[in-house]
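Participant: The following comprises the amino acid sequence and a computationally predicted model.
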Amino acid sequence: MTIDYLKAGFPIARGVIEGACRHLIKDKMDMTEARWTIRGAEAVLPLGSLYISADWDEYWQFHLQQEHKRNHLAFYSSGIPLLKQVLKGRCSTTLPPLPIPV
């Protein structure tokens, strides 16, 4: 099967994948004085691969749409902006009168 791929002109993946791993992971994670947690590395590496693959702009538009749905649409589901709901729930928007000195 490998010979068929080579005859067709396809690269054998090992070198390509090892190079991509070195570029995406080792070079990024092995910076001088950088300290990474597993969670931090797992958050940063996908962003680096999006940037390198030139999919960053498309991803960022998708990300902004999802953030808008998650963080904003729920606040306006009843048709009343959140600030009006908060103000409506308060007793008064003015300060109480100062006590009169005796």
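Facilitator: Looks like it came in fine.
Participant: CA atoms for contacts and neighbours, from now on please.
Facilitator: OK.
Participant: For the most centrally placed residue in the chain, give its distance to L47.
Facilitator: Residue closest to the average C-alpha location in the chain (Cα atoms, centre = their mean): H63, at 6.5 Å. Relative to L47, H63 is positioned 12 Å away (Cα to Cα, to the nearest Å).
Participant: Then W56?
Facilitator: Relative to L47, and taking Cα to Cα, W56 is found at 8 Å.
Participant: R70 now?
Facilitator: R70 is 20 Å from L47, by Cα to Cα.
Participant: can you count the residues close to R22?
Facilitator: Around R22 there are 13 other residues, counting by other Cα atoms under 10 Å.
Participant: Give the buried residues for stretch 14-29.
Facilitator: Residues of stretch 14-29 classed as buried: 24-25, 29 (neighbour count, 16 or more other Cα atoms under 10 Å).
Participant: Looking at those, which has the smallest pLDDT value?
Facilitator: Least confident of the buried residues of stretch 14-29 in the model: L24, at 74.
Participant: these two touch, right, it and L47?
Facilitator: No - using Cα atoms under 8 Å, L24 is not in contact with L47; the gap is 10.2 Å.
Participant: any common contacting residues for these two?
Facilitator: The contact sets of L24 and L47 do not overlap (Cα atoms under 8 Å, 6 or more residues apart in numbering).
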